[in-house]
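Participant: Fold the following for me, if possible:
(one chain, ligands or ions: 2)
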Amino acid sequence: RTLLKSAAVAGAYGAGVAVLPRLSQALAAPSPAEIEAHVIEAVLDGKTSTRNVMSYGLAGAPSSDPSPPVLRMQRGKPFAARLTNRLDEPTTIHWHGLRIPNAQDGVPFVTQPYVYTGDTFDYAFTPPDAGTYWYHPHCNTLTQMGRGLTGMLVVEDDRDPVFDGEVALNLRDFRLGSDSQFIAQFKPRDAAKTGTFGTVRTANWQPEPVYDVPAGGLVRLRILASDVTRIYNLRLDGADAMIIAIDGHPVPVRVALDMAVVSPGQRLDLALRVPDSEGAMVSLEDIRPSTPKVVAQFRAVGASLKRNLGDLGPLSENAGVEADLANATPIPLLLSATAENAAKDSICGTLGYSFWAINKVPYPGDTADPTAPIAELKLGQSYILNVENVTPHAHPIHLHGMNFKAISSSKQAVQQQVSDTYLVLPDEKVQLALVADNPGDWVFHCHIIEHQKTGMTGYFRVT
Ligand code: C2O
Ligand code: CU
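Facilitator: Ligands and ions are numbered 1, 2, ... in the order given. Down below sits the predicted model:
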């Protein structure tokens, strides 16, 4: 597994290749990290400055790059962060995919109070799994996330193989008008379907950025779909790559990347073998039929390092999902559309409509008076979530605080993949196995934020 270590030291870095152009602000977090949620102006469409962009800033980080900092922490080492809210509305931070104590989970009225304007909130936890995760608010999320408040989070493990370079890509759209300013975040009739798409598509808040990577090297691409709506069909043109992790967790079997579906909330880690010839370009493309698009590009720089994808050692392992299937309790979860076309009480960013339901209950979430949990789970017991999607739309369904593993599906081949988000296809029935190993109230929702905010959300109580 350390095969690449010595070669990398003598190779790319020694040759002075600028391997991590955009990661220069991925500062090692001081203790505690000082994270500020604030409003900035930034050029998102490559043309004109957009006002009222919401962003996270790390105290001490350079401000020339408007995209939020990549937070880095070590597996098994305590991490602490102080959130300061400089928005003019309440916010919180949710650490998507991290299995941490409930009180750190960042869901207002479920796990913590609002963090009001000018206030601070201290988060502290020890990440148990390595991999690619992210952080975002759980409060008025269509506006806050839609305007950019999302950041990538990397949990490092020094047993991971050393790559010749790494690029973290936060993929998202912004809804801008022709004057480059924000337009309405959603249209109700789209919220009742696929969700409302952005107008300007970016990676790390730039349209089609280009990254220099070492020729012939192995580069780790950490990709996050933080968009509130878009499902990506990602493919690489001009190079070979291998899928090495999904949703933070190493894949059970590595396969060459053909096309990978990455839905809102999900992550994809690729090992990219950069072409040998200096100047060669590699494109990361979204080939979703209606809207094909180059997302980002990579340019080979320097003399070839002549690496081999097959030589890449395994990633450090994360905990599995060891559910006791013979004794697991089934929980039916029906995802449906609802005719109940009325706003549900919510004081944190209700969209004013109910279009979706879990087990026939449309639940807007984040309310001061949440309804009952979807189900009560016993600590340590195994469960099978029998998710049935009877809508004509796909739903990336996400569970907080615990991982699951898909064990059967009526529509797709399931891998033994540990995950926190599963894209449930139209008319799909899927069984997700989990062990209720983390006590607390854990939110379960569609990560198409308009679906979440118009009913497709709820929570499990583990005691
Ligand atoms: Cu990305 Cu409720 O979370
Ligand atoms: Cu959905």
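Participant: Centre of the chain to the helix or strand containing Ala357, how far?
Facilitator: For Ala357, the element it lies in under DSSP states H and E is strand 356-358. Relative to the centre of its chain, strand 356-358 is centred 22 Å away, using Cα atoms, centre = their mean, to the nearest Å.
Participant: Check the gap between the residue nearest to Pro207 when sequence neighbours are not counted and Thr421 for me.
Facilitator: Of all residues not flanking Pro207 in the chain, Gly46 sits nearest, at 4.9 Å (Cβ to Cβ, 6 or more residues apart in numbering). (C-beta placed from N, C-alpha, C; glycine too.) With distances taken as Cβ to Cβ, to the nearest Å, Gly46 is found 30 Å from Thr421.
Participant: Between these two, which has more neighbouring residues?
Facilitator: Neighbour count, other Cβ atoms under 10 Å: between Gly46 and Thr421, Thr421 has more, with 22 against 12.
Participant: What residues does the more buried one make contact with?
Facilitator: 97, 247, 263, 265-266, 396-399, 447 (Cβ atoms under 8 Å, 6 or more residues apart in numbering).
Participant: Could you pull out the helices in the stretch 51-200 of the chain for me?
Facilitator: 141-146, 188-191 (DSSP state H, counting those that start in this stretch).
Participant: Of those helices, flag the one that's most buried.
Facilitator: Compared across those, helix 141-146 shows the largest average neighbour count, a mean of 24 (mean count of other Cβ atoms under 10 Å).
Participant: tell me how far that one is from the chain's mean position?
Facilitator: Relative to the centre of its chain, helix 141-146 is centred 14 Å away, using Cα atoms, centre = their mean.
Participant: if we can go back for a sec, nearest to ligand 2, out of the helices of the stretch 51-200 of the chain?
Facilitator: Closest to ligand 2 of the helices of the stretch 51-200 of the chain, according to Cβ to the ion: helix 188-191, at 9.9 Å.
Participant: what residues does the helix or strand just after that closest one touch?
Facilitator: Moving toward the C-terminus from helix 188-191, the next helix or strand (DSSP H and E) is strand 200-203. Outside strand 200-203, the residues that touch it by Cβ under 8 Å, 6+ apart are 44-45, 169-176, 207, 209, 230, 284, 286, 293, 295-296.
Participant: again, 10 Å this time
Facilitator: 22, 44-47, 50, 67, 148, 167-177, 180, 207-209, 211, 223-224, 227, 230, 232, 284, 286, 291, 293-297 (Cβ atoms under 10 Å, 6 or more residues apart in numbering).
Participant: just to revisit the earlier point, who's in contact with the residue nearest to Pro207?
Facilitator: 180, 200, 202, 206-209.
Participant: Give me the buried entries from these.
Facilitator: 180, 200, 202, 206-207, 209 (16 or more other Cβ atoms under 10 Å).
Participant: closest to Ile407 among those?
Facilitator: Thr202 (36.1 Å; Cβ to Cβ).
Participant: what's the spacing between the closest one and Ala168?
Facilitator: Counting by Cβ to Cβ, the gap from Thr202 to Ala168 is 14 Å.
Participant: Which residues are in contact with each of the two?
Facilitator: Shared contacts of Thr202 and Ala168, counting by Cβ under 10 Å, 6+ apart, come down to Ser67.
Participant: picking that back up, export the contacts of Thr421 as JSON lines, with columns for distance to ligand 2, pLDDT and secondary structure.
Facilitator: Formatted as JSON lines, those follow (distance: Cβ to the ion, whole Å; pLDDT from 0 to 100; DSSP: H, G, I helix; E, B strand; the rest coil):
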{"residue": "Gly97", "distance to ligand 2": "18", "pLDDT": "98", "secondary structure": "coil"}
{"residue": "Asp247", "distance to ligand 2": "17", "pLDDT": "98", "secondary structure": "coil"}
{"residue": "Ser263", "distance to ligand 2": "9", "pLDDT": "98", "secondary structure": "coil"}
{"residue": "Gly265", "distance to ligand 2": "11", "pLDDT": "98", "secondary structure": "coil"}
{"residue": "Gln266", "distance to ligand 2": "13", "pLDDT": "98", "secondary structure": "coil"}
{"residue": "Pro396", "distance to ligand 2": "7", "pLDDT": "98", "secondary structure": "strand"}
{"residue": "Ile397", "distance to ligand 2": "7", "pLDDT": "98", "secondary structure": "strand"}
{"residue": "His398", "distance to ligand 2": "10", "pLDDT": "98", "secondary structure": "strand"}
{"residue": "Leu399", "distance to ligand 2": "14", "pLDDT": "98", "secondary structure": "strand"}
{"residue": "His447", "distance to ligand 2": "7", "pLDDT": "97", "secondary structure": "coil"}
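Participant: Return only those of those found close to ligand 1.
Facilitator: 265, 398, 447 (Cβ under 6 Å from any ligand atom).
Participant: Next, count neighbours for the closest residue in space to the first one that isn't next to it in sequence.
Facilitator: So the one you mean is Gly265. Using Cβ to Cβ, 6+ apart and skipping the chain neighbours, the partner closest in space to Gly265 is His447 (3.6 Å). Neighbourhood size, His447 [other Cβ under 10 Å]: 28.
Participant: Just the ones of the contacts of Gly46 in strands?
Facilitator: In strands, judged by DSSP state E, the following of those are found: 200, 202.
Participant: What does Ala271 show for phi and psi?
Facilitator: In terms of degrees, to the nearest 10, the main-chain angles of Ala271 are phi -100, psi 110.
Participant: can I assume it is in contact with Leu309?
Facilitator: Yes: under the criterion of Cβ atoms under 10 Å, Ala271 makes contact with Leu309 at 6.1 Å.
Participant: joint contacts of those two?
Facilitator: 218, 240-242, 244, 254.
Participant: Identify the residue of the stretch 201-350 of the chain closest to ligand 1, quick one.
Facilitator: For the stretch 201-350 of the chain and ligand 1, the shortest gap (Cβ to the nearest ligand atom) falls at Gly265, measuring 4.9 Å.
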